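Engineer: Here you go, sequence then predicted model.
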Amino acid sequence: MISCRLQPGGPLTAAYSLAAILALLLGACSPPRASDSVEGVPPRLYVVNGPDQTVAEVDVRDVSGARGGRMVATIHTPEVRAWQVLPSASAERGSRGAPGSSDRLLLWEGQAGLLHVLARSASGDMTGAGGSAATRQVAFPASGGGPSSTRSVRVSHLAGDGGPFAAASYSYAGPEQQADEPVCLVALVDAARAEAAWAHHVCRGAGERVRAVAVNTGRGELAPRVYAGLSAPGGAPGAGRVVAVEPRGVAVTAWTAGVPLQLLRSRSTHDGLEQVYVLEAMLQGAQSSDGSSDTESVLAGATEWRLTAYREDTLEPQRSLVLKHQLQWLVVAPGGRDAYALAGPSSGLVPSSLMRIDLVSGSTALHTLPGPARGLAVSGDRVFTGKDGGDGVWVLDRRGRALGSISTGARPVHLALNQAALR
């Protein structure tokens, strides 16, 4: 098969062979779809499988019909019981591929609270002898710019956008402590170095804790930033916060009406604005005296949900949507026009519902999935969600219509796409 690309307005030079010209005339050359490779880097879907401690790597260039995608590798992580995976692309061209490739994977062990980095080898794969992968644990300082601590680190939240950096919240727990300290530290994680580039304490007083994080890896006019959502002492309504954290500390603060449970950063092609979306649980009253209510308690006490868009640079609120359904695994689709989430509590027994949210008009649409679902990822033209308790991933179009499935391994718990799949 012959492929070619002509620059708009450019001359047809001698570099094009007669065969290429004929291919053009016959319509063999067509504009790349949103799911096609970017600069030669194939789009990849990564799926964490719970019981067998593996990560499936799937080529999703062709997800039409029942084909779904092509399994590239099954990465065995016997030393890491991952709950979340984040692809991380190198900031340098030509290191192990063009920008957009997944040079590394960040793997978060939710139960142990540990964060690991898995690097792609020079041969291009992520597995070693016997298919097992070698990982490095991420090192965190005791405080912003301080020395490393010998106390155990417990990472509570992790977020990234496919670039070289990620955001993490964490706390320390010494051997004499029976419980962890409140989650009040946030860090910009350098995946290439497997360490925090910087970290800061962001809580203002006793009872505050970090509930969610997001990151800007340095795109646009802003330097790398970490965004953190914090709940108020006692869980009092109207006293949550979102902060933008830079190398010198907290740069901008915005107050929220509810408990911020998820933060997402996106650029809207509708108005060109870089935005931070905050999903808030609206509560009727305080949850506990020390603000330590777990996420499940907050979910149970929420009367409604609010999704608010903030300007990324100033954190000024732009618009807000009130939603009646409990949302999980919220994802903003490429282009920033739509968001997707699994709606309602997940029982694992009845089919889940996929909600599509038009972030401009505020309209919503619900689609019933083939079964219970867990995890969500959205590319330019496809939606991927894991079969809760099953053996793979369902593939849907952006309208919620099921197209097929991909066998990726038993009991998927988290899904993530690399940068090439998000353009």
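Structural biologist: Perfect, thanks for sending it.
Engineer: And for residue 256, the neighbour number?
Structural biologist: Using other Cβ atoms under 10 Å as the criterion, residue 256 is surrounded by 23 other residues. For glycine as for every other residue, the C-beta is placed from the backbone atoms N, C-alpha and C.
Engineer: actually residue 307, sorry about that
Structural biologist: When neighbours are defined as other Cβ under 10 Å, residue 307 has 23 of them.
Engineer: Next: the one 4 residues further on.
Structural biologist: A total of 15 residues lie near residue 311 under the criterion other Cβ under 10 Å.
Engineer: same check, this time on residue 255
Structural biologist: Around residue 255 sit 12 other residues, with neighbours defined as other Cβ under 10 Å.
Engineer: now for the helix or strand where it lies, which elements pack on it?
Structural biologist: Residue 255 belongs to strand 249-256 when elements are defined using DSSP states H and E. On a contact count with 3 or more Cβ pairs under 8 Å, 6 or more residues apart in numbering; DSSP states H and E, strand 249-256 meets strand 240-246.
Engineer: ok, the strand it packs on: who's next to it in the sheet?
Structural biologist: Each strand paired with strand 240-246, and its direction, by DSSP bridges: strand 225-231 (antiparallel), strand 249-256 (antiparallel).
Engineer: Show me what the longest one is in contact with.
Structural biologist: With contacts defined as Cβ atoms under 8 Å, 6 or more residues apart in numbering, strand 249-256 is touched by 144, 200, 202, 225, 229, 238-245, 278, 280, 308, 310, 313-317.
Engineer: One more: the first one?
Structural biologist: Where contact means Cβ under 8 Å, 6+ apart, the residues beyond strand 225-231 that reach it are 167, 169, 186-188, 202-203, 208-216, 240-246, 251, 256, 259-263, 265, 276, 278, 291, 293, 298.
Engineer: before we move on, the earlier item: of the contacts of strand 249-256, keep whichever come out buried.
Structural biologist: A residue is treated as buried here by neighbour count (16 or more other Cβ atoms under 10 Å); on that basis the buried members of the contacts of strand 249-256 are 144, 200, 202, 225, 229, 239-245, 278, 280, 308, 310, 313, 315, 317.
Engineer: Pull out the buried residues from the strand holding residue 255.
Structural biologist: Within strand 249-256, the residues scored as buried using 16+ other Cβ under 10 Å are 250, 251, 252, 254, 256.
Engineer: closest to residue 410 among those?
Structural biologist: Distance ranking of the buried residues of strand 249-256 against residue 410, using Cβ to Cβ, places residue 256 first at 38.3 Å.
Engineer: For the closest one, list each beta-bridge partner.
Structural biologist: When bridges are taken as DSSP bridges, the partners of residue 256 come out as residue 240.
Engineer: what's the pLDDT at it?
Structural biologist: Taken from the predicted model, the pLDDT recorded for residue 256 is 92.
Engineer: same question, the one 4 residues further on
Structural biologist: Here the pLDDT value assigned to residue 260 is 93.
Engineer: and what of residue 7?
Structural biologist: The predicted local confidence for residue 7 comes out at a pLDDT of 32.
Engineer: repeat for residue 285
Structural biologist: pLDDT for residue 285: 56.
Engineer: what do you get for residue 346?
Structural biologist: At residue 346 the predicted local distance difference test score is 69.
Engineer: just residue 68 next, same as before
Structural biologist: Note for residue 68: predicted pLDDT of 57.
Engineer: Among the contacts of strand 225-231, which lie within strands?
Structural biologist: Assigned to strands by DSSP state E, the following of the contacts of strand 225-231 qualify: 167, 169, 186-188, 209-216, 240-246, 251, 256, 259-263, 265, 276, 278.
Engineer: where does the stretch 251-400 of the chain have low pLDDT?
Structural biologist: For the stretch 251-400 of the chain, applying pLDDT under 70 flags the ranges 269-271, 284-301, 346, 348.
Engineer: Sketch out the strands for it, chain order is fine.
Structural biologist: Counting by DSSP state E, counting those that start in this stretch, the stretch 251-400 of the chain has strands at residues 259-267, 274-283, 302-311, 317-323, 327-332, 338-343, 353-358, 364-368, 373-378, 382-387, 392-397.
Engineer: With respect to residue 58, which of the ones you listed lies nearest?
Structural biologist: Closest to residue 58 of the strands of the stretch 251-400 of the chain is strand 392-397 (Cβ to Cβ; 7.7 Å).
Engineer: And the next helix or strand after that closest one, what does it pack against?
Structural biologist: Secondary structure here is assigned by DSSP H and E; on that basis, the next helix or strand after strand 392-397 toward the C-terminus is strand 402-407. Other helices and strands packing on strand 402-407, by 3+ Cβ pairs under 8 Å, 6+ apart, are strand 382-387, strand 392-397.
Engineer: mind running it again at 10 Å?
Structural biologist: strand 54-59, strand 70-76, strand 382-387, strand 392-397 (3 or more Cβ pairs under 10 Å, 6 or more residues apart in numbering; DSSP states H and E).
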